[in-house]
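# sharing a model prediction with you, sequence too.
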Amino acid sequence: MSFVARHGLWSKDQEIAAVAIRESVEKRSLETVRFSFPDQHGILRGKTLIAGDALSALEDGCTATTTLLAKDTSHRTVFPVFTAGGGFGMAEMQGAADLLLIPDPATFKLLPWAPNAGWVLCDLYFADGRPVPFATRGLFRSVLGDLAKRGFDFKAGVEVEFHLFKLEDARAGAEHAGQPGAPPEVSLLSHGYQYLTEQRYDLMEPALELIRRDVMALGLPLRSIEVEYGPSQCEFVFRPSTGLDPADTMTLFRSAVKQIARRHGYHATFMCRPKMPNVMSSGWHLHQSLVGRENGENAFMSKRKDELLSALGRAYMAGLLAHARASTVFSTPTINGYKRYRSYSLAPDRVIWGRDNRGVMIRVLGGPNDPATRLENRVGEPAANPYLYMASQVLAGLDGVDRALDPGPSADTPYEAEAELLPRSLREAVFALGDDPFFRTKIGADFVDYYVHIKSAEIERFQSEVTDWEQREYFEMF
């Protein structure tokens, strides 16, 4: 009996999808299949299997080391994995032991940019069939399962900005290696500042078309492509979807964009604010609502002409606001991301909401009897782990519903409103998470401690570096 059958891991639909994978691999004469999983940062990791071995591993998985879950953004292992419990307090994680990558057959794709290659998203399990507790896709699935018990599905639309540059020098010499390595040298595809002009779009179109073509071939629900305000900056918008799909879409999209761009001599980055003259910060605006599982109705839509949101929608929004500071570490997990929170910048700087106002944290769109009614959270950065970002939204929103919280009045002048400020740094966000016991209860103390440990390791490395600013400020003066 296979690992999947022994532990009852697949639904009927997944079993049918697995049959289709076998047929596709054989019919198309695929040579390899990539087994990938999203790590703690939302970055895809995994192994590439020869097609025949991939089919053999479809129901039994393939092994990978648990140290993949112990790394910060420099890919350094920041837990003492060879001590008792491996730094996780779990014998299964000690000594760089193995875990299993078990494919989700429903996610299988053919990679348009990699001839004869298939791809499948995997979930992580221990050898005894237990889910690995630090796997973020599994965490989000659990949150969605609890939401389903309440009679709702999570619906989200992905709207993400990023920069696309021409690659001038990959800096691939031995002297450029490191942890992390030297970043590439790039040049602009457009000067920017002509927001949504066709001229700027046409300058970037040759590169954007390469991405659009392959993203659509992947089956991702792309809706529009836009040139953003900043130099070499663009935005891709995807149609809303439910459950795990929007998080899976974002994860695969980011990885696909970087791979496609690099193969054609470009460099794409989802870093929030690259250190380049005149660039603008990039954001990830998350549109969200709840949908009734029985009637398919938008639960945020009000049926009264004098109400912008339903009572459930208002309470859900109040929950997002109540836990905004603590959840920022999930929506904005990098040191760089906090350089986006600036007044009068089309980015939020405080915990407020408003109707169709791009300066607030939560922008309410739609209205009475409008099935497209939704909340747009503008706090996120493009580098956020989609599973953690979305899970934190659902949990915070439901807490608002459970406690019947009131979001207060709309803020029509967002940068003048008297309201709690968002964290100004990753360190402040980590402290805010520690000061709010809510996520320790809902996500689990072990996971919160694990995630804080990784983020703290990044902060400590940053704090130990001597920056250009310090050199200019002090080297001559003192």
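Happy to help now that I have it.

# how about the strands in the stretch 51-200 of the chain?
62-65, 98-103, 109-110, 117-125, 152-169, 185-187 (DSSP state E, counting those that start in this stretch).

# what residue is smack in the middle of the chain?
Centrality entry for the chain: nearest residue to the mean C-alpha point is Pro386, 2.5 Å, by CA atoms, centre = their mean.

# one step back: which of the strands of the stretch 51-200 of the chain sits closest to Ala324?
Among those, the nearest to Ala324 by CB to CB is strand 152-169 (17.5 Å). C-beta coordinates here come from the backbone N, C-alpha and C atoms, glycine included.

# how about Leu49: what's its closest non-neighbour residue?
Of all residues not flanking Leu49 in the chain, Val33 sits nearest, at 5.4 Å (CB to CB, 6 or more residues apart in numbering).

# my guess is the one you found is in a helix, correct?
No - assessed with DSSP: H, G, I helix; E, B strand; the rest coil, Val33 is strand; it does not lie in a helix.

# does it touch Gly46 like I think?
No - in this structure Val33 lies outside contact range of Gly46 using CB atoms under 8 Å: 10.1 Å.

# which of these two has more residues huddled nearby?
Higher neighbour count among Val33 and Gly46: Val33, with 28 against 19, using other CB atoms under 10 Å.

# enumerate every residue touching the more buried one.
By CB atoms under 8 Å, 6 or more residues apart in numbering, Val33 lies in contact with 25, 48-49, 51, 54, 117-120.

# so what's it bridging to?
Leu49, Gly118 (DSSP bridges).

# check Pro115 and give its pLDDT.
The per-residue pLDDT reported for Pro115 equals 89.

# do me a favour and get the end-to-end distance for stretch 166-182?
In terms of CA to CA, to the nearest Å, the two terminal residues of stretch 166-182 are separated by 17 Å.

# about what we covered before: now, which of the contacts of Val33 sits nearest Val237?
Nearest to Val237 out of these is Trp119 (CB to CB; 23.1 Å).

# unless I'm mixing things up, Leu309 is touching Ile362, no?
No - judged on CB under 8 Å, Leu309 makes no contact with Ile362 at a distance of 10.6 Å.

# quick one: stretch 394-408 to chain centroid distance?
Centre-to-centre, stretch 394-408 and its host chain are 23 Å apart (CA atoms, centre = their mean, to the nearest Å).

# residue contacts, the closest residue to Phe134 other than its chain neighbours?
Leaving aside its sequence neighbours, Phe134 sits nearest to Leu69 (CB to CB, 6+ apart; 4.9 Å). Residues in contact with Leu69, defined by CB under 8 Å, 6+ apart, are 39-40, 93, 124, 132, 134-135.

# wait, Val120 touches Leu111, no?
No - using CB under 8 Å as the test, Val120 is too far from Leu111 to be in contact (10.7 Å).

# just the pLDDT for the residue nearest to Leu49.
97.

# now do it against Phe438, distance only.
The gap separating Val33 from Phe438 is 40 Å, by CB to CB, to the nearest Å.

# just the buried residues of the contacts of Val33.
Neighbour counting over the contacts of Val33 (16 or more other CB atoms under 10 Å) leaves 25, 49, 51, 54, 117-120 as the buried ones.

# and Val430, what does it touch?
For Val430, the contact set (CB under 8 Å, 6+ apart) comprises 329, 452, 455-456, 459.

# may I see the ChimeraX selection of the buried members of those?
Filtering the contacts of Val430 down to the buried ones (16+ other CB under 10 Å) takes a single ChimeraX command:
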select :329,455,459
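
# farthest pair within the contacts of Val33?
In terms of CB to CB, the contacts of Val33 reach their longest pairwise distance at Val25 and Thr48, which sit 13.6 Å apart.

# neighbours of the closest residue to Tyr344 other than its chain neighbours, how many?
Nearest non-adjacent residue to Tyr344, counting by CB to CB, 6+ apart: Tyr415, 5.5 Å away. By the measure other CB under 10 Å, the count of residues near Tyr415 is 15.

# ok, Tyr415 to Ala324 distance?
Noted for Tyr415: a distance of 16 Å to Ala324, by CB to CB.

# next one: Phe236
Phe236 sits 26 Å away from Ala324, going by CB to CB.

# with neighbour numbers in mind, choose between the two.
Using other CB under 10 Å as the criterion, Phe236 and Ala324 rank with Ala324 on top: 27 against 21.

# my read is that the more buried one contacts Val351, right?
Yes - with contact defined as CB under 8 Å, Ala324 counts as touching Val351 (4.4 Å).

# any residues in contact with both of those two?
With CB under 8 Å, 6+ apart as the test, Ala324 and Val351 both reach 361, 420, 422.

# the second one: how many residues sit nearby?
It refers to Glu420. Close neighbours of Glu420, defined as other CB under 10 Å, add up to 11.

# was I right about it contacting Val351?
Yes - taking contacts as CB under 8 Å, Glu420 lies within contact range of Val351: 4.5 Å.

# picking that back up, nearest to Tyr338, out of the strands of the stretch 51-200 of the chain?
Across these, Tyr338 has its closest neighbour in strand 152-169 (16.4 Å, CB to CB).

# the closest one: how far from the chain's middle?
With CA atoms, centre = their mean as the basis, the mean position of strand 152-169 lies at 9 Å from the chain mean.

# that strand pairs with which strands?
Applying DSSP bridges to the sheet, strand 152-169 is found paired with strand 185-187 (antiparallel), strand 233-238 (antiparallel), strand 241-242 (antiparallel), strand 266-269 (antiparallel), strand 284-292 (antiparallel).
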